[in-house]
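[1] Turn this into a model:
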Amino acid sequence: MKIALVAQHATSMAGDSAGQLNDTRLRELSHSLAGEGHRVTVYAQRNGTAGQPARTEVEPGVTVEYVGPANASPASTDSGDHRESELLAQVPAFSRPLHERWTADRPDVVHAMRWTSGLASLAAARDLRIPVVQSFNSLGVAEQRHHVMPSDAGTERIRLEPAIGRSATAVLAGSSEQQSDLTRLGVPRRHIRVVPVGVDTDEFSPEGPAAERAARPRLVTVADLSETDALANLLRAMSKVPGADLIVAGGPSRDQLRDDLGYRRLVKLADSLGVGSQVTFAGQVGRGALPPLFRSADLLVSVTEYDPTGLTSIQAMACGTPVIASAVGAQVDAVVDGTTGILVPPGRPALLAQRIRQLLQHPMLLEAFSVAAADRAQSRYSWNRIAHETVSVYDTALAA
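    Here you go, the predicted model:
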């Protein structure tokens, strides 16, 4: 099958003359689809980087093509809403070369990643009778509901996402919650298939080195330090879990933490709660360091108030680390409550502390959760399975 993956947002990594994509999920999906014998072409927007190739084969079966005008700010650190406004303005010029390429070399199916890519793909494929499959990653209405997006932001996105979903031949939802949101937006349920994010179960596995740790129980959380309310609740919970250490991974690099406002607020709160000696802020942790960190932990604690993918929890489970997570978004699908971990309503620090103590005080239960967590990640979230389910959706779209 000839598959066109459209990812307007994806750019080549800084300094990479081979054109490798900066989107890990996109790379893993492309690799897995090619591994099943399909021919994959990824279409992304030019970013103006010197030496960026127009076309390159990144591995057998996977080609990347950069099309359209050069993105004015490929490394922008602006808000996501501003970034998407830029991409939206460039959709027509991004869509035209897609139409030209597909007229000359027609793919069997188009898979658009995120909403601006969906607009471009639907326009480019309109008179070519190519089925378009849509993935959103996250929906504007969900971000607004969970207060991730300001109430006065994202109006174009919130208006357009339902139309994109209804116009696509099929839609991949990342979770049951997203499936429900799409249905409420008017996308026919028969057109929606829940296909979650995948995890590299070779890289994230129980086997391998573990980070050094003390004899005390270790909890790990991976979070953006700007999520101060959620992390504050975790620190309050820690005040009721004596004798345990917490590693907070996330934010800027460790040598730049002192310049981060969220870090300073959280350190001040930890000291006022008397848990400053229990909490270590590790700063940004690279992907390669995550598996050893997860393997060193007794528990991953995820207190995020919105998680459209549940990826961190899935990665930890793949390493055999049980998870205590907020019962939000994709976490509800990923964590089997009472089997691979425990789900807790967000904003309940006393209950969170109680659940942490419950697991730490029962090593046999913790071990059983560890085995079940690794098994679930391997059986449900391996990229081989995710690619197989994605191809199944492509086949259904082609039949339609």
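
[2] Identify the residue nearest L234 in space, chain neighbours excluded?
    Excluding its sequence neighbours, the residue lying closest to L234 (Cβ to Cβ, 6 or more residues apart in numbering) is V303, at 4.8 Å. Heads up, the C-betas are built off the backbone N, CA and C, glycines and all.

[3] distance of the one you found from D337?
    The gap separating V303 from D337 is 16 Å, by Cβ to Cβ, to the nearest Å.

[4] ok so, going back, can you report how many residues lie near the residue nearest to L234?
    25 (other Cβ atoms under 10 Å).

[5] OK, contacts around it?
    T221, A223, E227, A230, L231, N233, L234, A325, S326, P346, L352 (Cβ atoms under 8 Å, 6 or more residues apart in numbering).

[6] For the first one, give me the pLDDT.
    pLDDT, T221: 98.

[7] Equivalent analysis for the last one, please.
    Note on L352: pLDDT of 98.

[8] Before we go further, it is sitting in a helix, right?
    Yes. Counting by DSSP: H, G, I helix; E, B strand; the rest coil, L352 is found in a helix.

[9] since we're on it, how many residues are nearby?
    Quick note: L352 (other Cβ under 10 Å) scores 25 neighbours.

[10] So it sits against I342, correct?
    No. Using Cβ atoms under 8 Å, L352 makes no contact with I342, being 9.2 Å away.

[11] anything in contact with each of these two?
    I324.

[12] show me where pLDDT drops low in this structure?
    12-22, 48-52, 71-83, 150-153 (pLDDT under 70).

[13] Could I get the full set of strands for the stretch 251-400 of the chain?
    Listed in chain order, the strands of the stretch 251-400 of the chain (DSSP state E, counting those that start in this stretch) span 279-283, 299-302, 323-326, 341-344.

[14] and if you look at the stretch 51-200 of the chain?
    Remark: strands assigned in the stretch 51-200 of the chain by DSSP E, counting those that start in this stretch are 55-59, 62-67, 109-113, 132-135, 170-173, 192-194.

[15] Can you show me the helices along the stretch 151-300 of the chain?
    For the stretch 151-300 of the chain, the helices defined by DSSP state H, counting those that start in this stretch occupy 155-167, 176-184, 228-238, 261-273, 290-295.

[16] Please, a PyMOL command that selects the buried ones among the contacts of V303?
    Filtering these down to the buried ones (16 or more other Cβ atoms under 10 Å) takes a single PyMOL command:
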select buried, resi 221+223+227+230+231+233+234+325+326+346+352
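
[17] who touches A210 in this structure?
    Applying Cβ under 8 Å, 6+ apart, the residues near A210 are P292, R295, S296.

[18] Contacts only, for the last one.
    The reference is to S296. A210, A211, E212, R213, R218, V220.

[19] And these, which two are furthest apart?
    Across the contacts of S296, the longest distance by Cβ to Cβ is 13.3 Å; it joins E212 and V220.

[20] Please say which of the two ends up with more neighbours.
    Legend: neighbour count by other Cβ under 10 Å for E212 and V220, higher for V220 (27 against 7).

[21] For the longest helix along the chain, which outside residues touch it?
    Ranked by residue count under DSSP state H, the longest helix found in the chain is helix 363-381. Helix 363-381 has contacts (Cβ under 8 Å, 6+ apart) with 196-199, 201, 204-206, 298-299, 314-323, 334, 336, 339-341, 359-360, 385.

[22] Distance check, the residue nearest in space to the middle of the chain against P53.
    With distances taken as Cα atoms, centre = their mean, T309 lies nearest the centre of the chain, 4.8 Å away. For T309, the distance to P53 (Cβ to Cβ) stands at 30 Å.

[23] do E65 as well
    From E65 to P53 the distance is 9 Å (Cβ to Cβ).

[24] more neighbours, the two?
    The residue with more neighbours, out of E65 and P53, is E65; 18 against 15, by other Cβ under 10 Å.

[25] how close does that one sit to V42?
    In terms of Cβ to Cβ, E65 sits 7 Å off from V42.

[26] I'd say R189 and D181 touch.
    No. The criterion here is Cβ under 8 Å, and R189 misses it with D181 at 11.8 Å.

[27] quick one, which of the two is more surrounded?
    Each of R189 and D181 has its neighbours counted (other Cβ under 10 Å); D181 has more, 21 against 11.

[28] List the contacts of that one.
    Residues in contact with D181 (Cβ under 8 Å, 6+ apart) are L139, V141, A142.

[29] can I get the strands of the stretch 251-400 of the chain in CSV with distance to G243?
    Below are the strands of the stretch 251-400 of the chain laid out as CSV (distance: least, Cβ to Cβ, whole Å):
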stretch, distance to G243
strand 279-283, 13
strand 299-302, 14
strand 323-326, 17
strand 341-344, 19
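
[30] phi, psi of Q284?
    phi -60, psi 130 (degrees, to the nearest 10).

[31] Number the chain from 8, please
    Got it, the first residue is 8 from now on, which makes the last one we talked about Q291.

[32] these two touch, right, it and S260?
    Yes. Between Q291 and S260 there is a contact under Cβ under 8 Å: 5.1 Å.

[33] Which of these two has more residues huddled nearby?
    Q291 (14 against 11).

[34] hey, what's T63 bridged with?
    Beta-bridge partners for T63, by DSSP bridges, are V71.

[35] excluding its backbone neighbours, what's nearest I10?
    V47 (4.9 Å).
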